[in-house]
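Q: Give me a model of this one.
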Amino acid sequence: MHRKIKEATAVRLWGKRRGDAGMVTSEYAMGIIAAVGFALLLYEVVTSGQVKTELQDIVKKALSARM
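A: As a prediction, this is how the structure comes out:
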C-alpha cells in the first residue's frame, strides 16, 4: 500500500514538472506571419531606390578593386 502511494505521488509530481515545452499550431502560425512580415519589410528596404544604388556602388567597387 505504501509503495502505491509513492508511485502515485511520483506520477503526479512528474506530470507537474514536465510543463509545456513546445509551441502549438497557432503559435507557429503567428511566428510564420511575423517572419513573412519582416521579410517583406526587409525586401522593401533593400529594393528602395537609395539602398539599391548604394548596394550597386559597393558591388561595383568590389569588382573593380585591384588585387
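
Q: residues near residue 61, how many?
A: Look at residue 61: counted by other CB atoms under 10 Å, it has 9 neighbours. (Glycine included, C-beta is placed from N, CA and C.)

Q: Quick check, pLDDT for it.
A: Per-residue confidence (pLDDT) for residue 61: 92.

Q: Can you point out the helix or strand that includes it?
A: Using DSSP states H and E, the secondary-structure element containing residue 61 is helix 49-63.

Q: and what of residue 26?
A: Per DSSP H and E: residue 26 is located in helix 25-46.

Q: Pull that helix out as CSV, backbone CA atoms only.
A: The C-alpha coordinates for helix 25-46 follow below in CSV (Å, rounded to 0.1, in the frame of the first residue of the first chain):
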residue,chain,number,x,y,z
THR,A,25,-0.1,25.3,-34.2
SER,A,26,-1.4,28.8,-33.6
GLU,A,27,1.9,29.9,-32.2
TYR,A,28,3.7,28.5,-35.2
ALA,A,29,1.2,30.4,-37.5
MET,A,30,1.8,33.7,-35.7
GLY,A,31,5.6,33.1,-35.9
ILE,A,32,5.3,32.5,-39.6
ILE,A,33,3.2,35.6,-40.2
ALA,A,34,5.7,37.7,-38.2
ALA,A,35,8.6,36.3,-40.2
VAL,A,36,6.9,36.9,-43.6
GLY,A,37,6.0,40.5,-42.5
PHE,A,38,9.6,41.1,-41.5
ALA,A,39,10.9,39.6,-44.8
LEU,A,40,8.5,41.9,-46.8
LEU,A,41,9.7,44.9,-44.9
LEU,A,42,13.4,44.0,-45.4
TYR,A,43,12.7,43.4,-49.2
GLU,A,44,11.1,46.8,-49.5
VAL,A,45,14.0,48.5,-47.8
VAL,A,46,16.6,46.7,-49.9
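
Q: Right, I'll call it a day here.
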